[in-house]
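Asks: Pasted the sequence and its predicted model underneath.
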Amino acid sequence: MKINIFGVGRSGTKAIQLYLSYLLIKKEGKVRINYEPYYWMNRKTQQLNFEGIFHHITSNLSLNEGQLSKQHTNYLNSLISGNKSVVTKFIRANGRIKAINQIMQPDLTIVVIRDLHGVLNSLSKHGWDLLGENLVYPNDWSRFLQEIKEKNIIPNQELEYCLNHITDRMDRNAFYWYIMNILAIDSHKYVNYYIEYSDIKLIEKIATQYNLLKKYYSIHDKRFTGSNIYNESFITEVHDVHNSRSIPQIGSYDVLSKNAKNIPLSKIINTKNLNKDSNDFYDYLNNNIKKKLLELNRNQL
């Protein structure tokens, strides 16, 4: 089984990836996990993926089919090579869903969307930047803005309104969140489910529908706290005997850790959004995405 998960950073994609990976391990014994392959080599986030970074910065942020280079196409195919189920998480690819999925051909595609105020609070708390501030590649803002103007992603009048309200880095992040979620929603023909972070429990119904939830496990269990994706607390990496290449393996093959049974399940992770100070611009962006999601979610579970 191949699963692709998309979402803007700080939206809850880690918890979803960890949950589905765990269920696949319980069912099949082993799973391949690709953690943000446009920046990291694997889920440990200790080694940069320079091939993935190259494809990110040399490809448009908003893509349709036929716009990926042969090298980029080969790279995406390498993420699904092998005979094991694979769960891939992207946080820099909401505008590339169609192009990516036409290559990777996933069995299940999920887009996670979190309330803007919750995302901005999380960015502030963790010192993150959705546009790549202080990362090894140039900030995406300039090319992001250029693409919006050239491709008419939103009407000129709306673009002018938004640009007139952008005065600092957090405003730029809010606008990026808005455009990337619009692009993800516009790709609905290539997405099976949109999950709002406030309703993350929907993933349990989806897992049941795809015959992954043989025994009930709540997404709110402590073990599925997103930060556990980085460590060996209840899933552990194993060597891929089929990989004879001299270059490092992108992603990791993981099995159930011997310590998995010792992790308490009584604690509940918090999925509530923090209340960032309201302002008209953020409310405008947030409410527009909510309206678009409402229309889409009528066709979901």
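Replies: Perfect, I can see it now.

Asks: how far away is I166 from D280?
Replies: For I166, the distance to D280 equals 13 Å [CB to CB, to the nearest Å]. Every residue, glycine included, has its C-beta placed from N, CA and C.

Asks: The two: which is more packed in?
Replies: I166 (16 against 8; other CB atoms under 10 Å).

Asks: Let me see the contact set for that one.
Replies: 172, 175 (CB atoms under 8 Å, 6 or more residues apart in numbering).

Asks: Assign it to helix, strand or coil.
Replies: coil (DSSP: H, G, I helix; E, B strand; the rest coil).

Asks: Tell me the spacing between it and I235.
Replies: For I166, the distance to I235 - CB to CB - is 40 Å.

Asks: Residues in contact with stretch 198-207: which ones?
Replies: Applying CB under 8 Å, 6+ apart, the external contacts of stretch 198-207 come out as 12, 15-16, 19-20, 23, 108, 110, 112, 114-115, 192-193, 195-196, 213, 216-220, 271-273, 300-301.

Asks: phi, psi of N4?
Replies: With angles defined as degrees, to the nearest 10, N4 sits at phi -110, psi 130.

Asks: Go ahead and confirm Y176 touches L131.
Replies: Yes - counting by CB atoms under 8 Å, L131 is a contact partner of Y176 at 5.7 Å.

Asks: Would you map the strands across the stretch 151-300 of the chain?
Replies: Along the stretch 151-300 of the chain, counting by DSSP state E, counting those that start in this stretch, strands occupy 193-196, 235-238, 252-256.

Asks: would JSON lines of those strands with mean neighbour count and distance to I185 be doable?
Replies: Output for the strands of the stretch 151-300 of the chain, formatted as JSON lines (neighbours: other CB atoms under 10 Å; distance: least, CB to CB, whole Å):
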{"stretch": "strand 193-196", "mean neighbour count": "22", "distance to I185": "7"}
{"stretch": "strand 235-238", "mean neighbour count": "17", "distance to I185": "31"}
{"stretch": "strand 252-256", "mean neighbour count": "19", "distance to I185": "31"}
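
Asks: Retrieve the pLDDT associated with the residue with the largest distance to the centre of the chain.
Replies: The centre of the chain is farthest from one residue, Q157, which by CA atoms, centre = their mean lies 29.8 Å away. Looking at Q157, its pLDDT is 98.

Asks: what's the answer for Y161, then?
Replies: Y161 carries a pLDDT value of 97.

Asks: and if you look at I154?
Replies: For I154, pLDDT reads 97.

Asks: neighbours around it, how many?
Replies: 18.

Asks: try the one 5 residues further on
Replies: Using other CB under 10 Å, L159 has 17 other residues around it.
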